[in-house]
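1. With the input below, show me the fold.
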Amino acid sequence: MEKGNTSKYLKYAIGEILLVVIGILIALQINNWNEAKKTRRKEVVLLHQLKEEFKANLEQLDNKMIMRNAVIKSSKFLLEAIDNRSKPSQDSIEKHLKTTLYTPTFNSNTNDYFASRDINLIQNDSLKNLLSKWPTKVDELNEEEILLVNHRENRYIPFLATHIQIRDLFHQVELDIGMKDLIYPKEGKPLDLIIGESIQSKSYYKLLQTEELEEYLSYTILFNNISQTQSVPLKDHIYTILDQIQKSLEHYQ
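-> Numbers count the residues shown, from 1 in each chain. From the prediction side, this is the model:
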């Protein structure tokens, strides 16, 4: 300093400071890269989980739509028998009455949908937007399904119980294609649904002559059709979500 080398020392000190700053910046950048890699790995895991979840949702929705079609078909069969004053066999009437008791409901936990997964990990804004709308779309369908469940439990079954033996409707349940997998386990022993038939006399033809049955069957057809109509855009929504998930996964391959 005494020899007039101040400028040299200042340059040296500034150089040292710059090297330290550059070292810190490089370390921070490397740390950011590592954190970004960890975040992307978490995102990929989440995307795979969502893919499997929505594939299962799609399969469930397809099965529920098949079940509703079966309910509508059986309800119309009984209405036509009433309108035409025809007399199908007792077994045929019993079979179709059994089917009208089904109230397919789409099961998806929407209450805590975002609590169990970090959607913010997803970089695809289109996918995040689709996922944010999912709970609302499911709830719209469930509202109609709940109406049918309440209708069956509070009105339809009590009405049937005053005219026929409900036990007979639950005896040896016959299921259409697509319904069996939902009720019988795919693996393991089948459920024991054979409870025997009542020894009381049947009065199915008398049941067909009641005005109330027309009302209940009409209600069943109407609200199952409404549920079917709402299931179509929900199904399209699932397809769109799966498409966006696949695009996101391909981005990281």
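2. Centre of the chain to stretch 61-75, how far?
-> Stretch 61-75 has its C-alpha centroid displaced from the chain centroid by 16 Å (C-alpha atoms, centre = their mean, to the nearest Å).
3. And the pLDDT at Asp236?
-> If you check Asp236, the pLDDT there is 97.
4. residues near it, how many?
-> 10 (other C-beta atoms under 10 Å). All C-beta spots, glycine's among them, are computed from the backbone N, C-alpha and C.
5. I'd like to know which elements the helix or strand it falls within is packed against.
-> Per DSSP states H and E: Asp236 is located in helix 211-251. If you count contacts as 3 or more C-beta pairs under 8 Å, 6 or more residues apart in numbering; DSSP states H and E, helix 211-251 packs onto helix 6-83, helix 125-151, helix 157-161.
6. Identify the residues contacting the shortest one?
-> The contact list for helix 157-161, computed with C-beta atoms under 8 Å, 6 or more residues apart in numbering, reads Leu97, Leu101, Ile166, Leu169, Leu207, Glu212, Leu213, Tyr216.
7. looking at those residues, which has the most residues close by?
-> Leu97 (22 neighbours).
8. Tell me which residues touch the nearest residue to that residue once chain neighbours are set aside, please.
-> Nearest non-adjacent residue to Leu97, counting by C-beta to C-beta, 6 or more residues apart in numbering: Leu169, 5.7 Å away. Contact analysis of Leu169 by C-beta under 8 Å, 6+ apart lists Glu94, Leu97, Lys98, Leu101, Leu160.
9. Kindly recompute the last result at 10 Å.
-> Glu94, Lys95, Leu97, Lys98, Thr99, Thr100, Leu101, Ile157, Leu160, Ala161 (C-beta atoms under 10 Å, 6 or more residues apart in numbering).
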